[in-house]
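>>> whatever this is, show me its structure:
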Amino acid sequence: MQLFFREFGQGKPLIVLHGLFGMSDNWLTVGKKLGEHYHLFLLDLRNHGQSPHSDEFNYTVMAEDVEEFIQTQGVERPVVLGHSLGGKVGMELALNFETPVERLIVVDIAPRAYHHSHFKYFLETLLSLNLSQMKTRIEIDQWLSKKIPQPAIRQFLLKNLKRNEQNRFEWKINLKAVYQNLEHILGPVTSNNSFDEPVLFLRGEKSDYITEEDVSTIKRLFPLARVHTIKGATHWVHADAPQELIKEVREFLSA
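Here you go, the predicted structure:
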C-alpha cells in the first residue's frame, strides 16, 4: 500500500509514525523543528489521514506498508520514531522485518497488550454519529459533547473530519476497519528476535502506558533500550512537551 507522506529537511532520514486516530498533521510542529537537522518523513498509516483504507489492520500489514515506503523511496537505514500505535508499528518493523532500521524511538507505548476501553467507546460514539444530518462542525461538536465532555479529546477526534466532493462530511479515518480490528491493535508486539541497536523509549510522567513492570519486556526485546520520563507530559508527549521531546531525540541521535 502506498502511504501518504510529508517530506522536508535534510540529513539523516527520520520516519515519524503517528498514533491511533492521528495523522501526519499531528506531528507537523515537532517535525518541522526536527527537519532543521534531519530528513523528515511524516507518514499517514493505513486507514488514517490521506492514506488508503483497507479491511486489514494489524501491526504486520502496517509494518509491511512502512517497509514498502522505505524501499520505494530509497531510504537507507532510517531512524524510526513512533507514538502509541505508531510506536508499536516501529517495534514490529525493527523486530520482525529485514528492512534495516538504524535506531528506534518509541513514544509512550510498551510492547504489551492494553485494555483501554475508551478507544472502543470513542469508536462506537463516532460510528453512531449520523454525519449526513450534520451541516457544520459546530453542530457535530455539540452532538459529541454529550458523549465526550473533554474539549481537547473532541478537537483531536474532529481533526479526522473532511468534506467530500459533494461537500458532505465524512471521516478520514476508516472507523469500521479500526473497530473491527481493535483487538489486534490493543494486542502485544511479539517476536522471537531482539533488536540489537540503540532504542529510546520516551514516556509521559502523567501517563500509565509504560510502567516499571514493562521495562523487563522492553529490555528483552530491545537490549540496548533506554527509558526516559518527560516531566509533566501525558500520553500526548509531543503536544505537552515538544521542546523536551525534540531535545531528547537530538541527544539520542547524536550520541
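
>>> Asp65 versus the residue located most distally from the centre of the chain, what's the distance?
In the chain, Gln133 marks the outermost C-alpha relative to the chain mean, sitting 30.8 Å out by Cα atoms, centre = their mean. Here Gln133 is placed at a distance of 34 Å from Asp65 (Cβ to Cβ, to the nearest Å). Placement of C-beta: from N, CA and C, glycine included.

>>> residues in contact with the residue nearest to Leu202 when sequence neighbours are not counted?
Of all residues not flanking Leu202 in the chain, Val107 sits nearest, at 5.0 Å (Cβ to Cβ, 6 or more residues apart in numbering). In this structure, Val107 makes contact with 81-84, 86-87, 202, 237-238, 245, judged by Cβ atoms under 8 Å, 6 or more residues apart in numbering.

>>> take these and keep only those in helices.
Of the contacts of Val107, the ones assigned to helices by DSSP state H are 86-87, 237-238, 245.

>>> out of the residues you listed, which comes closest to Asn160?
Nearest to Asn160 out of the ones in helices among the contacts of Val107 is Gly86 (Cβ to Cβ; 15.8 Å).

>>> now for the closest one, how many residues are close by?
Neighbouring residues of Gly86 were enumerated by other Cβ atoms under 10 Å; the total is 28.

>>> what's around the spatially closest residue to it that is not a sequence neighbour, how many residues?
Distances taken as Cβ to Cβ, 6+ apart put Leu17 closest to Gly86, at 2.9 Å, once the chain neighbours are dropped. The tally of other residues near Leu17 (other Cβ under 10 Å) stands at 31.

>>> would you confirm that Leu17 contacts Pro78?
No - the pair Leu17 and Pro78 fails to qualify as a contact (Cβ atoms under 8 Å) at a distance of 11.1 Å.

>>> rewinding a little: turn the ones in helices among the contacts of Val107 into TSV, columns for pLDDT.
Compiled in TSV, the ones in helices among the contacts of Val107 are given as follows (pLDDT from 0 to 100):
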residue	pLDDT
Gly86	98
Gly87	98
Val237	97
His238	96
Leu245	98
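
>>> hey, what's the residue nearest to Leu202 bridged with?
The partner list for Val107 in beta bridges (DSSP bridges) reads His83, Leu202.

>>> and the gap between it and Gln243?
Spatial separation of Val107 from Gln243 under the definition Cβ to Cβ is 15 Å.

>>> same deal with Leu253?
According to Cβ to Cβ, Leu253 and Gln243 sit 16 Å apart.

>>> the more surrounded of these two?
Under the criterion of other Cβ under 10 Å, the comparison of Leu253 against Gln243 puts Leu253 first, with 20 against 9.

>>> that one contacts Val79, doesn't it?
Yes - counting by Cβ under 8 Å, Leu253 does reach Val79; the two are 6.3 Å apart.

>>> which other residues reach the longest helix along the chain?
When the chain is scanned for its longest helix (criterion: DSSP H), the result is helix 59-73. Outside of helix 59-73, the residues that reach it under the criterion Cβ under 8 Å, 6+ apart are 1-3, 5, 15, 17, 41, 43, 45-46, 51, 54, 75, 78, 80, 88-90, 92-93, 96-97, 99, 184-185, 189.

>>> which among those end up buried?
1, 3, 5, 15, 17, 41, 43, 45-46, 51, 75, 78, 80, 88-90, 92-93, 96-97, 99, 185, 189 (16 or more other Cβ atoms under 10 Å).

>>> which ones among the residues you listed map onto helices?
Filtering the buried ones among the contacts of helix 59-73 for helices - DSSP H - leaves 88-90, 92-93, 96, 185.

>>> put together CSV for these, with pLDDT and distance to Leu126 on each row.
Listed next are these as CSV, based on pLDDT from 0 to 100; distance: Cβ to Cβ, whole Å:
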residue, pLDDT, distance to Leu126
Lys88, 98, 22
Val89, 98, 22
Gly90, 98, 26
Glu92, 98, 26
Leu93, 98, 28
Asn96, 97, 31
Ile185, 95, 15
